[in-house]
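> this is the structure alone, sequence omitted:
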């Protein structure tokens, strides 16, 4: 099961804006860029670089794993970021495909870092 339509960032223009804001959190094998949005929810976009994974099968598998993590952790993140809805761009930076548990752990650590950054500002 994938991400619902209302929690996906689909606009290339919006993705470019997220890159331009350059707010990020890192934890191998994931880097998360984020920006504030006008919606009432957290929205996700997922990137698996073609440079590191030339085979489409590998990129699709990585995106599936990250999508699963984002989908299962979405309710937790909604509770945490209720006052500051975000657009989140998840970039896979690993050199090989990691297990789901490692990706989930990295994703949660990155989201905690983002929460802390937002509390400080």
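Everything's here; your move. Keep in mind that what you see is a predicted model, and the values were worked out from it rather than measured.
> specify the beta-bridge partners of the residue nearest the centre of the chain.
Note on the chain: the residue nearest the mean C-alpha position is residue 90, at 3.0 Å, using CA atoms, centre = their mean. Beta bridges link residue 90 to residue 32, residue 46, judged by DSSP bridges.
> contacting residues for it?
Going by CB atoms under 8 Å, 6 or more residues apart in numbering, residue 90 touches 30-32, 44-47, 66, 70, 107. To be clear about C-beta, it is placed using only N, CA and C from the backbone, and glycine gets the same treatment.
> from those residues, which would you call buried?
30-32, 44-47, 66, 70, 107 (16 or more other CB atoms under 10 Å).
> how about the strands in the chain?
Using DSSP state E, the strands of the chain run over 23-27, 30-36, 43-47, 86-92.
> okay, those in TSV with mean pLDDT and distance to residue 56 next?
Below are the strands of the chain laid out as TSV (pLDDT from 0 to 100; distance: least, CB to CB, whole Å):
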stretch	mean pLDDT	distance to residue 56
strand 23-27	95	26
strand 30-36	96	20
strand 43-47	95	14
strand 86-92	96	14
